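[1] what follows is a predicted structure for the sequence shown.
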Amino acid sequence: MEARRIARDAIEGRHEEAVEVEIAAALRRWGMTPKRSTDDPDPGDEIVDPKKIK
């Protein structure tokens, strides 16, 4: 039941600030930095043709 409550809270946007803090901490631990927006392309991203993926 706890997993369902956590999932419901996430879907409903509860605890958004706490989630953002935890994400930032995890990214720091992994040596990464948060992006401003997931819609912004990263110059390091590689464009992959799905037809060439085996």
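    Here it is on my side, so go on.
[2] please, where are all the helices along the chain?
    Taking DSSP state H as the criterion, the chain carries its helices at 2-11, 16-29.
[3] can you list the low-confidence ranges for this structure?
    Screening the chain residue by residue with the criterion pLDDT under 70, one finds the ranges 34-43, 45, 54.
[4] nearest the geometric middle of it, what residue?
    Against the mean C-alpha coordinate of the chain, by C-alpha atoms, centre = their mean, the closest residue is Ile23 at 7.4 Å.
[5] quick one on the thing from earlier: distance to Val48 for the helices of the chain - can I get that in TSV?
    Using the backbone N, CA and C atoms, a C-beta is placed for each residue, glycine as well. Conversion of those to TSV gives the following (distance: least, C-beta to C-beta, whole Å):
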stretch	distance to Val48
helix 2-11	29
helix 16-29	23
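[6] ok, which of the ones you listed comes nearest Asp49?
    Across those, Asp49 has its closest neighbour in helix 16-29 (29.1 Å, C-beta to C-beta).
[7] so what does that closest one touch, helix or strand wise?
    With contacts defined as 3 or more C-beta pairs under 8 Å, 6 or more residues apart in numbering; DSSP states H and E, helix 16-29 has no helix or strand neighbours.
[8] try 10 Å
    Under the contact definition 3 or more C-beta pairs under 10 Å, 6 or more residues apart in numbering; DSSP states H and E, helix 16-29 sits against helix 2-11.
[9] could you give the angle of the helix it packs on to helix 16-29?
    Computed with axes from the mean of the first three to the mean of the last three C-alpha atoms, to 10 degrees, the direction of helix 2-11 lies at 100 degrees from that of helix 16-29.
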